[in-house]
Structures are given as structure tokens and as C-alpha cells.
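**Q** Any chance you could fold what I've pasted below:
(chains A and B)
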Amino acid sequence: MRAVHKVKDILLLGLHSLSVHKVRSTLTALGIFIGVCGVIAMLAINEGASAEAQRTLRALGSTNIIIMSRKPPQDDSKATGRTRGALNYGLTKRDETRITGGSVPYVRRHATIHQTKKMAYLAGKNLSVSVIATEPLIAEIVRIDVLAGRFITSVDMLRRKPHCVIMAPLARSLFGYENPLGKTVRIGGEPLVVVGMLSRLPQALVGEGAEATDSVIIPRTTGMDRFGELIVEARTGSRTFERVEISRIILQMEEEKDVLAAAPIIRSLLERNHDQEDYDVKVPLELIEQKKKQMFLWNVMLVTIASVSLLVGGIGIMNIMLATVVERTREIGVRRAMGAKQWDIIAQFLVESVTLTTVGGVIGIAAGVCLPWMIQRYLQFPTETSGWTILLPFLMAVTVGLISGIYPAVRAARLDPIAALRHE
Amino acid sequence: MKELVNLEDLWKIYPVGPGVQALKGVNLRITEGEYLAIMGPSGSGKSTMLNLLGCLDRPTRGRYRLGDQDVSTLSDNELSEVRNRRIGFVFQSFNLIQQLTVVENIEVPLFYRGLPRRLRHPRSREMADMVGLGDRLYHKPAELSGGQQQRVALARALVNEPLILLADEPTGNLDTHTSNEIMVLLDELHSRGRTIIMVTHESHVAVHAERAIHMRDGQIESDTDADAENLGRHT
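**A** Numbering: from 1, shown residues only, chains lettered A, B, ... in the order given. The predicted structure is shown next:
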């Protein structure tokens, strides 16, 4: 009971002496405030950026491996043969068989994609679109959100139907506010009937360098029939012809852990059968892990910077507290004469330094939470504030207060009461 | 009468150079209700004596009994407790805490005794009334005259009902008029049975005491009560 009043009283005593020196206390707490606020904000920005990156990667599917054709660096001596002036490169049907035929374990299912650029024509409108020829199975491998109608089916595939599913933004620019379902659009000169509309398409399907928003999905067989494998790219004054059998193979593994086991097998398999780097194996899970590691390193760095700024704040506090002890030597002597134990004096000064950092820390938290919020709101930059990004800087600040307060407080308590009483 | 203070062969040697002998085997007994003045030139050891009596310091050798307790070998914490409960200090320069009000200053010893605020406050007001400052409770020391400040210090010294009141040149910073006021207050306390030990070098102050000892070179040179002591009044 007695100890309880005493703790409370010493707390009030500390607050009282802080309130006597308002400007000094404010400035000292400011150092801690800036430290805490800065760290919380920095961590929030880093967490936000990496969470965003992870979300994007996760959308590719963490159990997936994506193998894509890549145009090899222009080196004619090494280039594989040209047939009728077209450059051949990339994944082949033989690659597909090799990979999915049993040599790579844990493959659950897979789908292939052939992608070309075509012009879409409708009622006088001409738009460049990416035509993605794939299998219905793809919908089970990556997430596809159907807004209206349906996705391509195995019947479309078997019957080689001239059906297509288009992205909502593209439908909007082609059909305006009309319902596109059941309407025919000419793509690359071929009339295709719109059977469905999608609101979202993962980047894995579209590939790099293409916009998901202007994609048209058709059955793989239909694509073969109507457009073949030739990719014609028209530039001003010239045309390049490229022949790619398969643009991308998307493999879905049984479990997440299988991805890391299968990836090296696929890589070595492809390496053996391709004499140039005309493919790329992308493992979202690896990238996620990489991202996480990278984020961790960033966090370590930020926390280190924070420690330095809090250290500077701590030195500031120690400095002020030492000055305070000297200034109040006489008071310490009087208190000792009146019966204060050494511990009472230590507690009194520690309360002051810890209060300074706690107040600085609490205001720092408030500002540190607001700052990322404003960044997100006004700069549209994703931020994420979590429990530990708030708690850690705060605890660090309080620890700094304790540590930097201990030395001056002990020095005050160790003063010889007689000498302290005579101090001028 | 009960014996309050008993110094037996008390030595204080400061470890400076060859060792400065500030007290050389002092013997002194003080009984309850006595009013004692310690006099002597500077360097005579009277300050050391006061520090030892006030339990601010420990003797190098010898024994000091205060009340029923041997305080010559207590730890720092225990000495703090003794100072808190058994000794009241009045200093030449008042030594009030500047940022605290009158009431808060008087409360300081109660605070270190661990008394809760609700008990401290009425007690502290009562003491302020006793020294005639009941209308200055919430003033800061800087707003008071020297005499008023010394009266606050007196109230503070007595708030824990100490065994002895130690006054170190209590009128040293006051003019004649206020000095008298303080001395009257001390006389009054004495008449009510307080044990007072006062260090002074002013003989017109010392005459208020009923007993005076003179110190020189760390020893008691004379004691107005020595004859009585020789007769064995205190043994």
C-alpha cells in the first residue's frame, strides 16, 4: 500500500518538474518524437510497398510455375533457323511434352498459351488487341473473374468454335454501352462471337509488355486454325515475322513446396534442349520469398537508422538530465536530508527521462500513423501499419529513455548529501 | 529525563592527504527537552559534529546512540530513514525547494515517509498554521520574506515529530528583527518540550539555549553543563 502511493507520488513529482521546464521538456521530447514518427512511417511505407509486390506475385499463383518464350538477343550467328523469313524461337510442343510428360514431378495440371497481336474491327473502330489462345483449363490454374456470359469451354475447344471472351474495358471501347454478348467482332479478319466478358485477368496470362485490359481470349484450337503460329509485327515501313509455337506454359503443382523442387528440374530440362536463352522460367513463390527477404533487409536497415536517430535523441536526454542534476544539486541534498533514499532520487529522475521519451513516443506514434495514412490517401502509395511497426519504435524509445536516464539519475543519487546541501 | 543522544569517543577523519582529523574523540550526552548551542570558530569541527548528529555522515570511529538505536554503523538507506523520522533540519539558507509551494515543501518529509497525499495535506496545513503561515499555503518560497521562509523550514523540520531539531545557524541569513522572531519561535518550541541542537557562532543567539558547548580543534573545549555531568547527573 505504502509503495503504491510512493510510486504514484514519484510519478507526479517527475511530471511536476517537467512541467516547470516546458520548453526544455518539449524540445527534448521532440527528438524522440521525430525518431519514433520517422521509423513508424518508414516501416509502414516499406511494408506497404512489399505487401503490394507480394500481392501482385501471389496473383500469379504461388503453386504455379510460368515458363515463357522470350525473344533471344539479336545475334544472327546463333539464331535458330529462319523459315520463309520468320524468326523461330521459344517454347515448342516438344518442350511441353518433355515437361508435362512425367519427367517433372508434382505437376498437377498445365495449360499453354499462344499470344499474338491482332487488330479488332467493329463498326468502323479499329483497335489493337492481344489475342490469347488458350485452354479452358486455365481458369482452374489462375483466377479468372467472369463478369458476364461464360469462359471458353472444352466444347469450344473441341469444335474449334469461333468464340471469344473479351475483357470488360475492351468491350466498352468496342461496343460502348451495348451488351457485347452474342455479338460478332472481327479480329485479325476473322469473325468471332463474344460469349463472355471478364473483369480481371492475371498478368500471368497476358505476359509482360501487354495490357490485360485489351485482351481477347479464344480457344487454343480456334487460334491454331485461324491465326497459326506466325506472329506478325508490323512497324512503320517494315514487318517482322516471328514463329513461336507456345508463348507460355503455366504449370500448377500439387503443393507450394513442390514448386521449389520442380523449378530446377524444369530449368535444366530446358537448358539441355535449347541452345539459346529463348525462354524464361518464372516461379512466383521464389519471387515472393525473394521479396520477403528483401523486405526483411530493408526493415533491418530502417530499424538501424531508427536506432541511430533514437540514440541521438537519447544522448540529448542524457545531456539535459545531467544538466538538470547539476542545477538541482541543492534540491537533491535537501531531499536526502529530509529522508529520501538513493532509490527515491533515482526513481525521481528516471521518471522524468522516461516520461519525456514516452510522451515523445506516444505523439510519435500518433503522427507516425497519420503520416502513412496521408501518403496513401494523397499520393496513392500503398502503406501498411501493423502492431509491431508501432510497438517496436515505441519500446525502443522507452528503452532509450531508461538507459539515458539511468546514468544521470544514479549520479544524482550518489551525491554526498552534505556536499549537495552546500552546493551553490 | 530520558537520554536522547549519546556520543562516545566519536572520531571523524577525512581521508584527504594525511587524513584530516575533524573530530577527535568527542563525548556528549543530550537529554530529552534540552536546548543546546554548539559554538566555536570555523574549523573547530562544529559542522562535522552537526553532520554526524544529523546522520548525514558516519563517524570514523566511536559510537552514536540516538534514542534507543545505535546509528553509527547504519547503511545509507537506514540513515535516510533515521533522518526522515527522528531528525528535523533547519539550515542557514532555508533550503526550501523553489518550485514547490509552502504546503508542498512542508510535505516533503511526509512524502518520503510514504504517507498518502490525503494524509499529508492536512498535516502540512496544520504545521503551516503553527508557524503562522496558514494564509501563505500556496505561495512559492521566492514570494516569501526570509523570516517566512525560515518558518516554513521549521514547519517542515517538525512535520514528522522528530526526536531532535538540528538548527545550523538558523538566523545567519536574517536581519535582527526577523532573527528575534525565529529565536522566539525556537524558545517556544523548547518550552513545549522540544529537544533543540543549534550550531551558531553568535553569542546573542546562543544565550537562548540553556546549555552551550564550545568546540576547538575537534574537541569539546567547554560545556556549561560539564559540572553537572561530572556530578554524574546523566549517568
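
**Q** Report the spatially nearest residue to the residue of the stretch 251-400 of chain A found nearest chain B, omitting neighbours in sequence.
**A** Distance from chain B to each residue of the stretch 251-400 of chain A (C-beta to the nearest C-beta) is smallest for residue A:339, at 2.4 Å. (Glycine included, C-beta is placed from N, CA and C.) Computed as C-beta to C-beta, 6 or more residues apart in numbering or on different chains, the closest residue to residue A:339 that is not its neighbour in sequence is residue B:84, at 2.4 Å.

**Q** check contacts around the one you found.
**A** Under the criterion of C-beta atoms under 8 Å, 6 or more residues apart in numbering or on different chains, the neighbours of residue B:84 are A:338-339, B:109, B:112-113, B:160.

**Q** What residues of the helix or strand containing it count as buried?
**A** For residue B:84, the element it lies in under DSSP states H and E is helix B:76-86. Neighbour-count burial for helix B:76-86, counted by 16 or more other C-beta atoms under 10 Å in any protein chain shown, picks out B:79-86.

**Q** Show the average pLDDT along the helix or strand following that helix.
**A** Reading on from helix B:76-86 to the C-terminus, the next helix or strand found by DSSP H and E is strand B:87-90. For strand B:87-90, the mean pLDDT works out to 95.

**Q** Which elements pack onto strand B:87-90?
**A** Packing contacts for strand B:87-90, counted by 3 or more C-beta pairs under 8 Å, 6 or more residues apart in numbering or on different chains; DSSP states H and E, involve helix B:146-158, strand B:164-168.

**Q** Looking at those, which is nearest to residue A:283?
**A** Nearest of these to residue A:283, taken as C-beta to C-beta: helix B:146-158 at 77.8 Å.

**Q** now the closest one: how far from the chain's centre is it?
**A** Taking C-alpha atoms, centre = their mean, to the nearest Å, the mean C-alpha location of helix B:146-158 is offset from the chain mean by 13 Å.

**Q** how about that helix, does it get close to chain A?
**A** Yes - Helix B:146-158 lies within reach of chain A by C-beta under 8 Å from any C-beta of the partner chain, at residue B:156.

**Q** okay, the angle between that helix and strand B:164-168?
**A** Angular relation of helix B:146-158 and strand B:164-168 on a 0 to 180 degree scale: 150 degrees, by axes from the mean of the first three to the mean of the last three C-alpha atoms, to 10 degrees.

**Q** Export helix B:146-158 to CSV, keeping only CA atoms.
**A** Output for helix B:146-158, consisting of C-alpha atoms alone and laid out as CSV, is shown next (Å, rounded to 0.1, in the frame of the first residue of the first chain):
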residue,chain,number,x,y,z
GLY,B,146,13.5,35.4,4.7
GLY,B,147,11.8,35.1,8.1
GLN,B,148,8.8,33.5,6.5
GLN,B,149,10.9,31.1,4.6
GLN,B,150,12.7,30.0,7.7
ARG,B,151,9.4,29.5,9.4
VAL,B,152,8.4,27.2,6.6
ALA,B,153,11.7,25.4,7.1
LEU,B,154,10.8,25.0,10.8
ALA,B,155,7.4,23.6,10.0
ARG,B,156,9.0,21.2,7.5
ALA,B,157,11.6,20.1,10.1
LEU,B,158,8.9,19.3,12.7
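
**Q** got the buried residues for that helix?
**A** Residues of helix B:146-158 classed as buried under the neighbour-count rule (16+ other C-beta under 10 Å) are B:146-158.

**Q** Serialize these to JSON lines and add fields for pLDDT and distance to residue A:390.
**A** Rendered in JSON lines, the data for those read as follows (pLDDT from 0 to 100; distance: C-beta to C-beta, whole Å):
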{"residue": "B:146", "pLDDT": "91", "distance to residue A:390": "54"}
{"residue": "B:147", "pLDDT": "91", "distance to residue A:390": "56"}
{"residue": "B:148", "pLDDT": "94", "distance to residue A:390": "52"}
{"residue": "B:149", "pLDDT": "95", "distance to residue A:390": "49"}
{"residue": "B:150", "pLDDT": "94", "distance to residue A:390": "53"}
{"residue": "B:151", "pLDDT": "94", "distance to residue A:390": "53"}
{"residue": "B:152", "pLDDT": "95", "distance to residue A:390": "47"}
{"residue": "B:153", "pLDDT": "95", "distance to residue A:390": "49"}
{"residue": "B:154", "pLDDT": "94", "distance to residue A:390": "53"}
{"residue": "B:155", "pLDDT": "95", "distance to residue A:390": "49"}
{"residue": "B:156", "pLDDT": "95", "distance to residue A:390": "46"}
{"residue": "B:157", "pLDDT": "95", "distance to residue A:390": "50"}
{"residue": "B:158", "pLDDT": "94", "distance to residue A:390": "52"}
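
**Q** Quick check: the residue of chain B nearest chain A.
**A** Across chain B, no residue is closer to chain A than residue B:84, which sits at 2.4 Å (C-beta to the nearest C-beta).

**Q** Give me the local confidence score for that residue.
**A** Looking at residue B:84, its pLDDT is 95.

**Q** do residue A:377 as well
**A** 87.

**Q** What count of nearby residues applies to it?
**A** The local packing count at residue A:377 equals 10, with neighbours defined by other C-beta atoms under 10 Å in any protein chain shown.

**Q** which residues of the stretch 201-350 of chain A fall in strands?
**A** Taking DSSP state E, counting those that start in this stretch as the criterion, the stretch 201-350 of chain A carries its strands at A:215-219, A:230-235, A:238-243, A:248-253, A:279-282.

**Q** So which residues of chain B form helices?
**A** B:46-53, B:76-86, B:102-113, B:117-130, B:146-158, B:176-191, B:203-206, B:226-230 (DSSP state H).

**Q** spatially speaking, which residue is in the middle of chain B?
**A** For chain B, the residue sitting closest to the mean C-alpha position, by C-alpha atoms, centre = their mean, is residue B:166 at 0.5 Å.

**Q** Does it touch residue B:52 like I think?
**A** No - with contact defined as C-beta atoms under 8 Å, residue B:166 does not reach residue B:52; the gap is 10.6 Å.

**Q** what does chain A have sitting close to chain B?
**A** Near chain B, the residues belonging to chain A are A:2-3, A:5-6, A:9, A:16-17, A:20, A:330-331, A:333-344, A:417-418, A:421 when assessed by C-beta under 8 Å from any C-beta.

**Q** which among those residues end up buried?
**A** Restricting those to buried positions leaves A:5-6, A:9, A:17, A:330-331, A:333-342, A:344, A:417-418, A:421, with burial counted as 16+ other C-beta under 10 Å.

**Q** Now do the contacts for residue 89.
**A** I'll assume chain A. With contacts defined as C-beta under 8 Å, 6+ apart, the neighbours of residue A:89 are A:69-72, A:79-80, A:242-244, A:276, A:278.

**Q** look at chain B instead
**A** Contacts were defined as C-beta under 8 Å, 6+ apart; by that measure residue B:89 touches A:337-338, B:54, B:83, B:95, B:157, B:166-168.

**Q** what's the closest of the residues you listed to residue B:142?
**A** Closest approach between the contacts of residue B:89 and residue B:142, by C-beta to C-beta: residue B:95, at 13.7 Å.

**Q** okay, that closest one: pLDDT?
**A** At residue B:95 the predicted local distance difference test score is 93.

**Q** does it really touch residue A:421, like I thought?
**A** Yes - with contact defined as C-beta under 8 Å, residue B:95 and residue A:421 form a contacting pair (6.7 Å).

**Q** hey, what's in contact with both of these two?
**A** Shared contacts of residue B:95 and residue A:421 (C-beta under 8 Å, 6+ apart): A:330, A:333-334, A:337.

**Q** Can I get those in CSV including pLDDT?
**A** What follows is the shared contacts of residue B:95 and residue A:421, written out as CSV (pLDDT from 0 to 100):
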residue, pLDDT
A:330, 93
A:333, 94
A:334, 95
A:337, 95
